[in-house]
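*Asks:* coords please:
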Amino acid sequence: MAWPPNPSCARNARGQIASFNVINSSLEQSKAGSAFTANAPRFNINHPSHRPNRTGILPLLDWIGGLTCCQMGKTGDTFMNAPHHNMTHWAERVDLAAAFRWTARLDMHEAVANHFSFAINDDGTQFLMNPNQMHFERVKASDMIVVDANDPDTLKGPNAPDPTAWGLHGGIHRLVPHARCAMHVHSVHATVLACLADSTLYPIDQNGCIFHNRVIIDGDYGGLAFEDEGARCAAMFTDPRKKVMIMGNHGCLVIGDTIADTFNRLYHFERAAQTYIRALQTGQPLRLIPDHIAEKTAQQIEEYPLDDKFLSEIKLLLDEEGSTYAQ
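*Replies:* Okay, the predicted model is just below:
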């Protein structure tokens with residue numbers, strides 16, 4: 001057999017050539033009796049036919065070939081990103097975990113509070129969500145819990161969600177059919193905006209135009225978001241164009257069709273709020289973009305195909321760093 005072997009036999013989930021350092025690492029873990037996936041064939045380093053060398057690499061490549069892209073996960077560079085086979089909606093779990101990690105990196109989180117959720121059934125009443133009081137920087141795909149918005153007994157189980165998260169996200173998913181994903185944070189600039197007597201995000205830059213006439217302003221803060229407060233907030237999402245809520249004296253709530261779409265919107269809302277708040281801090285008059293231009297820009301951006309690209313790039317960056325988010 002020619003050396004080196006055909007590299008196409010040892011490509012990872014994105015088609016990149018697998019590093020032989022990764023292969024050697026996998027052999028050491030196999031020698032210790034561990035397995036990277038539940039269904040992958042077990043590799044025995046002590047068996048002569050399995051021991052890699054210049055003439056006997058074929059069995060190793062066959063073993064690597066048995067780790068399909070599905071087994072390795074949507075984005076993983078290494079075998080450690082293999083999904084847990086008893087878990088459904090793996091790709092969505094990975095997307096949520098990446099969004100949590102990046103939200104923490106951008107300092108848009110708050111201690112172990114705040115939650116993201118994604119509906120997994122047709123009517124949206126069952127959804128994935130981060131576990132109670134786990135820091136965003138630690139959240140992995142396998143950590144996501146499944147929550148039932150119609151079952152109050154969900155709050156009694158060993159993996160019960162935060163009661164306020166169940167109240168807010170349960171209300172949103174139960175009462176707002178177009179909210180497949182919901183993200184709630186207390187990010188600094190969105191929260192500052194929520195504390196102003198006039199919480200309008202005026203269009204002073206391109207990011208601000210994205211949200212022109214597309215934001216709900218809730219000026220009736222009612223305390224922690226238990227079930228009644230969640231239902232009250234959900235009742236305000238009557239216009240499908242309005243996918244951002246400025247929660248007065250609280251933070252912001254962003255909804256969307258997909259995790260990538262919603263995270264993209266959350267990120268750009270915080271950026272727009274940051275620019276607006278800093279502009280106010282100068283004390284200088286604002287140069288407002290005319291309404292018709294702001295609306296034109298909002299429509300142009302809605303038609304611009306970028307929604308999933310941001311999260312895809314984030315996952316690539318996390319993969320290159322060896323992050324555990326996709327485990």
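
*Asks:* shaky segments in the protein?
*Replies:* The model of the chain has pLDDT under 70 over residues 1-85, 307.

*Asks:* tell me how it divides into domains.
*Replies:* Domain ranges of the chain: 7-81, 90-321, per automatic domain parsing.

*Asks:* the helices in the stretch 101-250 of the chain, which residues?
*Replies:* For the stretch 101-250 of the chain, helices defined by DSSP state H, counting those that start in this stretch occupy the ranges 163-175, 188-194, 206-210, 227-234.

*Asks:* can I get the ones you listed in TSV with mean neighbour count?
*Replies:* Where C-beta positions appear, they are placed from N, C-alpha and C, glycine not excepted. As requested, the helices of the stretch 101-250 of the chain are arranged in TSV below (neighbours: other C-beta atoms under 10 Å):
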stretch	mean neighbour count
helix 163-175	24
helix 188-194	21
helix 206-210	21
helix 227-234	19
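
*Asks:* and of those helices, who's closest to Gly248?
*Replies:* Closest to Gly248 of those, according to C-beta to C-beta: helix 188-194, at 5.5 Å.

*Asks:* what sits up against the closest one?
*Replies:* 107-108, 199, 201, 246-252, 269-270, 273-274, 276-277 (C-beta atoms under 8 Å, 6 or more residues apart in numbering).

*Asks:* ok, now with 6 Å
*Replies:* 199, 246-248, 250-252, 270, 273-274, 277 (C-beta atoms under 6 Å, 6 or more residues apart in numbering).

*Asks:* of the residues you listed, grab the buried ones for PyMOL.
*Replies:* Selecting only the buried entries of the contacts of helix 188-194 in PyMOL, with 16 or more other C-beta atoms under 10 Å as the criterion:
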select buried, resi 199+246+247+248+250+251+252+270+273+274+277
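
*Asks:* determine which two of the contacts of helix 188-194 are furthest apart.
*Replies:* Every pair of the contacts of helix 188-194 checked by C-beta to C-beta; the farthest is Gly248 and Gln274, at 18.8 Å.

*Asks:* reformat the domains of the chain as CSV; add distance to Gln327.
*Replies:* Below are the domains of the chain laid out as CSV (distance: least, C-beta to C-beta, whole Å):
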stretch, distance to Gln327
domain 7-81, 6
domain 90-321, 5
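
*Asks:* re the thing from before, with distance to Asp257 added, can I get the helices of the stretch 101-250 of the chain in JSON lines?
*Replies:* Formatted as JSON lines, those follow (distance: least, C-beta to C-beta, whole Å):
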{"stretch": "helix 163-175", "distance to Asp257": "13"}
{"stretch": "helix 188-194", "distance to Asp257": "21"}
{"stretch": "helix 206-210", "distance to Asp257": "16"}
{"stretch": "helix 227-234", "distance to Asp257": "17"}
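
*Asks:* which one of those helices lies nearest to Ile293?
*Replies:* helix 206-210 (7.6 Å).

*Asks:* helix or strand right after the lengthiest helix in the chain?
*Replies:* Counting residues, the longest helix found in the chain (DSSP state H) is helix 259-281. Counting by DSSP states H and E, the element after helix 259-281 in chain order, helix or strand, is helix 291-302.

*Asks:* so that following helix versus helix 259-281, what angle?
*Replies:* 150 degrees (axes from the mean of the first three to the mean of the last three C-alpha atoms, to 10 degrees).

*Asks:* so which bits of helix 291-302 are buried?
*Replies:* Applying 16+ other C-beta under 10 Å to helix 291-302 flags 294-295, 297-298, 301 as buried.

*Asks:* what do you get for stretch 106-114?
*Replies:* In stretch 106-114, counting by 16+ other C-beta under 10 Å, buried: 108-109, 114.

*Asks:* now do stretch 109-125: distance to the chain's middle.
*Replies:* Remark: stretch 109-125 is offset 10 Å from the chain centroid, using C-alpha atoms, centre = their mean, to the nearest Å.

*Asks:* my error: substitute stretch 142-149 in the last question.
*Replies:* 14 Å.

*Asks:* tell me the contacts of Lys243?
*Replies:* 255-256.

*Asks:* let me know the distance separating it from Asp205.
*Replies:* Look at Lys243 and Asp205: by C-beta to C-beta, to the nearest Å, they are 19 Å apart.
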